[in-house]
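Trainee: Okay, here's the prediction I keep looking at, along with the sequence it came from:
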Amino acid sequence: MRTSRSLPLSWKVSILITFSLPLWIAGSNVVLADESDLGGFVQLHAAARAGNVNCPLETVCDLPFNEQRVRLNAQVSGFEGAVDFVGKLELVNDAALNETDVEVRELYADYNADRYTLRAGRQINTWGVADLLFINDTFPKNWVAFFSGLPLEYLKLGSDAFKLNLYPAFADLEVIVARFRKDELPNNQQFVMDSPFPPSTPRDVDEPSDDLELNLRLSRYLGSWQGSAYFSYTHFRTPAFQLKGETLEGEFPRLNTYGASLTGPLWNGVLSLETGYYDSLNDRDGTDPGIDNSQTRLLLGYSRQIAEETTLGVQGYAEWMHDHDAYLRTLPAGFPERDKLRTVATLRFTQFHLHQALRLSLFAFWGISEGDGYIIPSLRYAFSDNLWGEVGTNLFVGEHKGQFGSQGKNDNLYATLRYAF
């Protein structure tokens, strides 16, 4: 079994302190905290490829996802009156890729005061009002976990960051300064992927040297409605490639985003509006085909309870590429062409049975402009307060050139079993 590279010494010390602290407090006679908690879970997850697919030699074909993980959660609240510590550490065995790794999901300290709160360390942040469509949420994500059917919490990756929340009278202000972290994207070890370049083409991806990012959110309530304004000085989290000689060289270009959202009650449901402008700092004229052009994104969503224990949510999303003519003029031959206006609709259906022990769920993306879709039906059953299991599918349908349809050889059936302790 191949073991991944070891963690830096600073991380090892932080992990040791975080997970030893609750045990030390629990065994000591001196009360330093109002509350301490230690728990976690054991989780088994597997996904089998659906259908007959001719996989390349480098791709795990029949069972591309097969992992076992153990999570340890530690929390100390009220330490020294105002400081909280939280740690979430996982030991992951990936049997499909024959790898074992230690993942620090979250590891942070909170300081809570009357007029502000401060959080420092690895943390998961979520912004915006959309459901699985992201406009002002530019934080890192794990698309491998999402496409393989792992629980939804694994879509979000933690950032090493400082977060300051201020509470002046007129609004709430959130400031996040974080180090860059890239998205986890589908790879050719577990996914059958099409590319205009041969699989043997060497790739060299440089992570940014100026890796600090700034995110601002200003929020306030207007009656029963909540409005927010956003700004991010960040990066694209997928690399932009250029062929130099025989090597594909990739970088993560700078990106500014500006946006707003509004959500509130309407007709016994919840209406959500969100918009954002993506300012592609390294390609403002749209002439570099390797870097995404600037974009304007819009979203309208509505959800409500339609029957007892049954909810329905729908969204409409539009993504307008600026300088599309310049993009077409510089697009290399053989590369798939992107639409000037990309439109997507989504549907979420959730229904509970057996005193909410059984959950039926369906989430579906419909790529209106690209003629494709992504369908995720699932069934979850809670055997007890500590044990639940889920089965589901990830189905990619439609035109092969579309964002969803291009994953058509990666349909899978998945199963998850989790026991909490």
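Mentor: Received, thanks. Numbers count the residues shown, from 1 in each chain.
Trainee: how many other residues sit next to the residue lying closest to residue 293 once chain neighbours are set aside?
Mentor: For residue 293, ignoring the flanking residues on the chain, the nearest one in space by CB to CB, 6 or more residues apart in numbering is residue 286 at 4.4 Å. C-beta: built from backbone N, CA, C; applies to glycine. When neighbours are counted by other CB atoms under 10 Å, residue 286 registers 21.
Trainee: How confident was the prediction at the residue lying closest to residue 282 once chain neighbours are set aside?
Mentor: Of all residues not flanking residue 282 in the chain, residue 253 sits nearest, at 4.1 Å (CB to CB, 6+ apart). According to the prediction, residue 253 has pLDDT 96.
Trainee: How about the contacts made by residue 253?
Mentor: Applying CB atoms under 8 Å, 6 or more residues apart in numbering, we find residue 253 in contact with 235-236, 240, 280-283, 291-292.
Trainee: Most neighbours among those, please name it.
Mentor: With neighbours defined as other CB under 10 Å, the most crowded of the contacts of residue 253 is residue 235; it has 24 neighbours.
Trainee: Residue 187 versus that residue, what's the distance?
Mentor: Distance check for residue 235 against residue 187: by CB to CB, to the nearest Å, it reads 20 Å.
Trainee: go on, residue 142?
Mentor: From residue 142 over to residue 187 (counting by CB to CB), the distance is 12 Å.
Trainee: Tell me which of these two has more neighbours.
Mentor: A count of neighbours by other CB under 10 Å puts residue 142 above the other of residue 142 and residue 187, at 16 against 13.
Trainee: Report the beta-bridge partner residues of that one.
Mentor: Taking DSSP bridges as the rule, residue 142 bridges to residue 184.
Trainee: If I look at it, what pLDDT would I see?
Mentor: Residue 142 is assigned a predicted lDDT (pLDDT) of 99.
Trainee: What of residue 3?
Mentor: Reading off the per-residue confidence, residue 3 sits at a pLDDT of 42.
Trainee: go on, residue 208?
Mentor: Reading off the model, residue 208 has pLDDT 88.
Trainee: There's contact between it and residue 235 in this structure, I believe.
Mentor: Yes: A contact is recorded between residue 208 and residue 235 when judged using CB atoms under 8 Å, the distance being 5.9 Å.
Trainee: and for those two, which residues touch both?
Mentor: Any residue near both residue 208 and residue 235 by CB under 8 Å, 6+ apart counts here, and that gives 180, 252, 254.
Trainee: nearest spatial neighbour of the second one, skipping sequence neighbours?
Mentor: So the one you mean is residue 252. With CB to CB, 6+ apart as the measure, residue 235 is the residue that lies nearest to residue 252, at 4.5 Å, once sequence neighbours are left out.
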